[in-house]
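Chemist: Coordinates for the following, if possible.
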Amino acid sequence: MKAPPRPVIALGVLALAGGAYALFGPKAEPDRWLGYVEGEPLLIAAPVPGTLASRPVTRGQSVERGAPLFTLDPRTTDAEGAQLAAQVAAAKAQAADLSQGRNRAPEQAAAQAALASARAQAARAGADFERIAALAGKGFASRTQLDAARAARDSASAAVQQAQAVLASGGLSAGRPEQQAAAQASVGAAEAALRAQTRRREEIAPLAPAKGVVEQTFYDPGEWVPANQPVLSVLPDDQRKLRFFVPQERVAGLKVGATVHFTCDGCGAGARMATISYISPRAEFTPPVIYSERARAKLVFMVEAALPPAQPLPLGLPVAVVPE
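Modeler: The predicted structure is shown next:
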């Protein structure tokens, strides 16, 4: 029997080797965009220094929106608030005093009585003048008597005008319009300072701004906390996101607001969804963590996608985004 040609034998060997490699060799890794879960914690601080009086939450504890987080010693703040409240009361009292009449009620009553007396005297002096004028016309009264009666009448009339002026002056406000405007401005300034102090009282005992988890605590009760120094950090459930890396040839097909699917270890069967919220305008050469040989030395763009807050995932969890 004649042996087959050597070229045919070589081709057969190559075919068998190729089939064995395809059957038993390493499988091609499916196309996936690699990334991880990231979050943006909120740093909770107070605008004033003080001793940490209480901190009812601990690291890793879940908190609801509006839950108390910590409280600084309120004694100094409360004392300042009481002082400002007293200043508001004093400013209002001063403004009210300037807007009232110059004279008190008894003084006005006395002025009214003086006016009544002056009018009575004026009426009497007027009647006397009329009588003496009639007598002078008949020759029974001298010129001197007539002049004296006229002077008494005019003096009594002037006394009435003076009493009317005193009564009107007593009814005027104690302060000039400019003084009253300045007093009202002082009231507004005092009330604004009191509102600011009330807000500061709330800020030394902050509440959780959103539902989430206390990520870290930096001070314990009894320690002195400097102003604007975070006491703890809260990671809201709605501030978790995916951060993954897309090859440059695929990034043009993505847009903010689009939905992507991803898988992760321990996430259960099936793919989850996230919404793209940011696409980096700058390229990177490699992701910060290398998961596979195929991810090396690629020109990639960082993309972030917001996660639904219903089921928050732990930070740093590796994910694989499945391209559409």
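
Chemist: Which pLDDT value goes with residue 273?
Modeler: At residue 273, the predicted lDDT confidence score is 90.

Chemist: So what pairs up with it in the strands?
Modeler: residue 261 (DSSP bridges).

Chemist: contacts for the strand or helix carrying residue 86?
Modeler: Under the criterion of DSSP states H and E, residue 86 resides in helix 75-99. For helix 75-99, the external contacting residues (CB atoms under 8 Å, 6 or more residues apart in numbering) are 48, 50, 173-175, 179-180, 183-184, 186-187, 189-191, 193-194, 197-198, 200-201, 204. In this view, the C-beta of every residue, glycine as well, is placed from N, C-alpha and C.

Chemist: residue boundaries of the strands in the stretch 1-150 of the chain?
Modeler: 33-39, 42-44, 50-54, 62-63, 71-72 (DSSP state E, counting those that start in this stretch).

Chemist: can you put those in CSV and add mean pLDDT?
Modeler: Converted to CSV, the strands of the stretch 1-150 of the chain look like this (pLDDT from 0 to 100):
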stretch, mean pLDDT
strand 33-39, 91
strand 42-44, 96
strand 50-54, 96
strand 62-63, 95
strand 71-72, 96
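
Chemist: Make JSON lines from these and add distance to residue 316 and mean neighbour count to it.
Modeler: Below are the strands of the stretch 1-150 of the chain laid out as JSON lines (distance: least, CB to CB, whole Å; neighbours: other CB atoms under 10 Å):
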{"stretch": "strand 33-39", "distance to residue 316": "6", "mean neighbour count": "21"}
{"stretch": "strand 42-44", "distance to residue 316": "19", "mean neighbour count": "16"}
{"stretch": "strand 50-54", "distance to residue 316": "29", "mean neighbour count": "16"}
{"stretch": "strand 62-63", "distance to residue 316": "19", "mean neighbour count": "16"}
{"stretch": "strand 71-72", "distance to residue 316": "32", "mean neighbour count": "20"}
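
Chemist: And the ones you listed: which comes nearest residue 271?
Modeler: strand 33-39 (12.6 Å; CB to CB).

Chemist: can you list contacts of the closest one?
Modeler: With CB under 8 Å, 6+ apart as the test, strand 33-39 has contacts from 215, 235, 239-247, 250, 262, 264, 287, 289, 291-292, 295, 303-304, 307, 313-323.

Chemist: Just the buried ones from the residues you listed?
Modeler: The neighbour-count test (16 or more other CB atoms under 10 Å) marks 215, 235, 239-247, 262, 264, 287, 295, 303-304, 307, 313, 317, 319-321 as buried among the contacts of strand 33-39.

Chemist: Please report how far residue 202 lies from residue 319.
Modeler: 39 Å (CB to CB, to the nearest Å).
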